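Participant: Pasting the sequence and the predicted model now:
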2 protein chains.
Amino acid sequence: MTLEKQNNQVFGDPSSFLPGVSIDCVVIGFDLCQLNILLLKLKGAELWSLPGGFVQIDEDMDRAASRILEDRTGIKLPYLKQFHTFGDLNRRDNNPDLASIPTMPKQFKDMLPLLEQRFISTGYLSLIDMRNSKPTPDRISESCDWVPLESVPDLIYDHNNIVLKALEQIRNQITYLPIGITLLPEKFTMKEYQILYEEILQKKLDRANFQKKMLKLAFLDRHEKQLTGGAHKAPYLYAFNKEKYNELLEKGIGYLT
Amino acid sequence: MTLEKQNNQVFGDPSSFLPGVSIDCVVIGFDLCQLNILLLKLKGAELWSLPGGFVQIDEDMDRAASRILEDRTGIKLPYLKQFHTFGDLNRRDNNPDLASIPTMPKQFKDMLPLLEQRFISTGYLSLIDMRNSKPTPDRISESCDWVPLESVPDLIYDHNNIVLKALEQIRNQITYLPIGITLLPEKFTMKEYQILYEEILQKKLDRANFQKKMLKLAFLDRHEKQLTGGAHKAPYLYAFNKEKYNELLEKGIGYLT
């Protein structure tokens, strides 16, 4: 997809978009050490935001989410999951005076009529193994980068709140659903898996207890040991058993089962 | 609240509403036997729908949900929980020709400009003990009734789909969260509690196993036996232990805890 094509889709005649409704994408990436989030920085201004945009008048919302993410960051994800719609009156109080930015790209300026009236925003979420992704900024953005969650700057509008809500939802979901298949490489150590949980829950977990619980759920297959210099310390590698993982994803891991 | 006041809020100058965004309320009630849903029937036409309406231009979405429910059904619920936003292009394909209804109330006719252009809808959900509620239809509706879930008629737009999605979410949530405190009277039998679960899960549960699991979670307090003629058959009454219930609601009942 050429840049021209991209910008024709995200930016354009305001009347080609559904007014009053935007989409913001929370894309969380894991690098085996920490969680990161995909953020855009506007050209010529210290303005950071989630990748977002408006829904075209002839486009399903779910389809718009993937299209907007791809157009703005170059990252193609077939499946983004809607998690919450943000409709507070004050959600745009942290609204920069976009019209006054001297270097405002023309494509963005064209969109001001849509941005200046009230709009709600539906948040979409995706969790990915970021090490294979190559974010590319769109024409109005100076950069498109992975930012560690602990270093997220002030974002425009209520985007910091959107990020918090997404993280809250992930934290809730891992209490009853398996997680990780989209965040981790095909094979990983139990330590790397535990770090993922610790990063999400924002607390340390007991190593032995964590391993015991995970193995009991039987959605991990154990593979050969990772080869290192000191063989006695080499950890086992694990992979998700897709069948069992999907089964747990379907029925949940709860007190009734 | 007078009817006049009600209708001034739900129906009115289309420019006083945010275009493109409506709210639909899924209110599920339990009568100790089965689950029911609150539906409205339009005056002078065989048109059934969820209680819904548009968000006022100067109103938070969450506040709009409670206001719309009260204005359209007379039922005041302080807390409706947002569960999903419906944004498919075809969601209004099952769109009746509202303008052609001869007996269309004027208040509804005024809203046609908002209804005739594309709008997405955010669904809000509440679960209540319906035996204390007195639904009252608004001015454009012939009736506002509790309808057993198994007898839900064809609804306008994608409202049947909105109902299905709400039920799917309830079914998912009871696998990891306690449920029932808003659906049941203060004291209830274990059998009544099991019926609630069976109605939600749409399957029979083993009596002994269900009781064992529920008591193990320790969010139910046992009270005196229900007085009946044959004392030996009188079942125990239970009540929710609010502290424990809320604690489980907060942290979830999952494999990590």
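Facilitator: Perfect, I can see it now.

Participant: residues in contact with A:Glu142?
Facilitator: By Cβ atoms under 8 Å, 6 or more residues apart in numbering or on different chains, the contact set of A:Glu142 is A:41-44. Every C-beta, even on glycine, is put in place using the N, C-alpha and C of the backbone.

Participant: how about 7 Å then?
Facilitator: A:41-43 (Cβ atoms under 7 Å, 6 or more residues apart in numbering or on different chains).

Participant: With A:Leu155 instead?
Facilitator: Taking Cβ under 7 Å, 6+ apart as the contact definition, A:Leu155 lies against A:48-50.

Participant: my guess is A:Asp88 meets B:Asp60, correct?
Facilitator: Yes: at 5.0 Å, A:Asp88 counts as touching B:Asp60 under the criterion of Cβ atoms under 7 Å.

Participant: Pretty sure A:Arg139 sits against A:Gly74.
Facilitator: No: in terms of Cβ under 7 Å, A:Arg139 does not count as a neighbour of A:Gly74; the distance is 11.8 Å.

Participant: Near chain B, which residues of the stretch 51-200 of chain A are found?
Facilitator: Proximity of the stretch 51-200 of chain A to chain B is confined to A:55, A:57-61, A:82, A:84-85, A:87-89, A:118, A:120, A:122, A:172, A:175-176 under the rule Cβ under 7 Å from any Cβ of the partner chain.

Participant: In ChimeraX, how would I select the buried members of those?
Facilitator: Selecting the buried subset of these in ChimeraX, with 16 or more other Cβ atoms under 10 Å in any protein chain shown as the burial test, is done by:
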select /A:55,59,60,61,82,84,85,87,89,118,120,122,172,175,176
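
Participant: Show me where the stretch 151-257 of chain A has its strands.
Facilitator: For the stretch 151-257 of chain A, the strands identified by DSSP state E, counting those that start in this stretch occupy A:188-189, A:220-225, A:236-240, in order along the chain.

Participant: For the second one, which strands pair with it and how are they oriented?
Facilitator: Paired strands of strand A:220-225, with direction, are strand A:236-240 (antiparallel) (DSSP bridges).

Participant: list the buried ones in the partner strand?
Facilitator: Taking 16+ other Cβ under 10 Å as the basis for neighbour counts, the residues of strand A:236-240 that come out buried are A:237-240.

Participant: Also stretch A:159-171?
Facilitator: Residues of stretch A:159-171 classed as buried: A:159-163, A:165-167, A:169-170 (neighbour count, 16+ other Cβ under 10 Å).

Participant: any idea how far the residue lying closest to A:His223 once chain neighbours are set aside is from A:Tyr193?
Facilitator: If the residues on either side of it in the chain are set aside, A:His223 comes closest to A:Leu237, at 4.5 Å by Cβ to Cβ, 6 or more residues apart in numbering or on different chains. With the distance defined as Cβ to Cβ, to the nearest Å, A:Leu237 ends up 11 Å from A:Tyr193.

Participant: ok, now A:Asp93?
Facilitator: As for A:Asp93, its distance to A:Tyr193 is 40 Å (criterion: Cβ to Cβ).

Participant: Break down the stretch 1-150 of chain A into its helices, ranges please.
Facilitator: Secondary structure of the stretch 1-150 of chain A (DSSP state H, counting those that start in this stretch): helices at A:3-10, A:61-73, A:106-109, A:112-116.

Participant: would JSON lines of these with mean pLDDT be doable?
Facilitator: Shown next, in JSON lines, are the helices of the stretch 1-150 of chain A (pLDDT from 0 to 100):
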{"stretch": "helix A:3-10", "mean pLDDT": "51"}
{"stretch": "helix A:61-73", "mean pLDDT": "96"}
{"stretch": "helix A:106-109", "mean pLDDT": "79"}
{"stretch": "helix A:112-116", "mean pLDDT": "87"}
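
Participant: who touches the longest helix seen in chain A?
Facilitator: Of all the elements of type helix in chain A, the one with the most residues (DSSP state H) is helix A:159-173. Here helix A:159-173 makes contact (Cβ under 7 Å, 6+ apart) with A:24, A:26, A:37, A:49-50, A:83-84, A:86, A:123, A:125, A:152, A:154, A:200-201, B:252.

Participant: Chain neighbours aside, what residue packs nearest to A:Phe108?
Facilitator: In space, not counting the residues next to it along the chain, A:Phe108 is nearest to A:Ile140; the distance is 4.6 Å by Cβ to Cβ, 6+ apart.

Participant: close enough to count as contact, the one you found and A:Pro105?
Facilitator: Yes: if you go by Cβ under 7 Å, A:Ile140 and A:Pro105 touch, sitting 4.3 Å apart.

Participant: between those two, which one's more packed in?
Facilitator: Set side by side, A:Ile140 and A:Pro105 give different neighbour counts by other Cβ atoms under 10 Å in any protein chain shown, the larger being at A:Ile140 (20 against 17).
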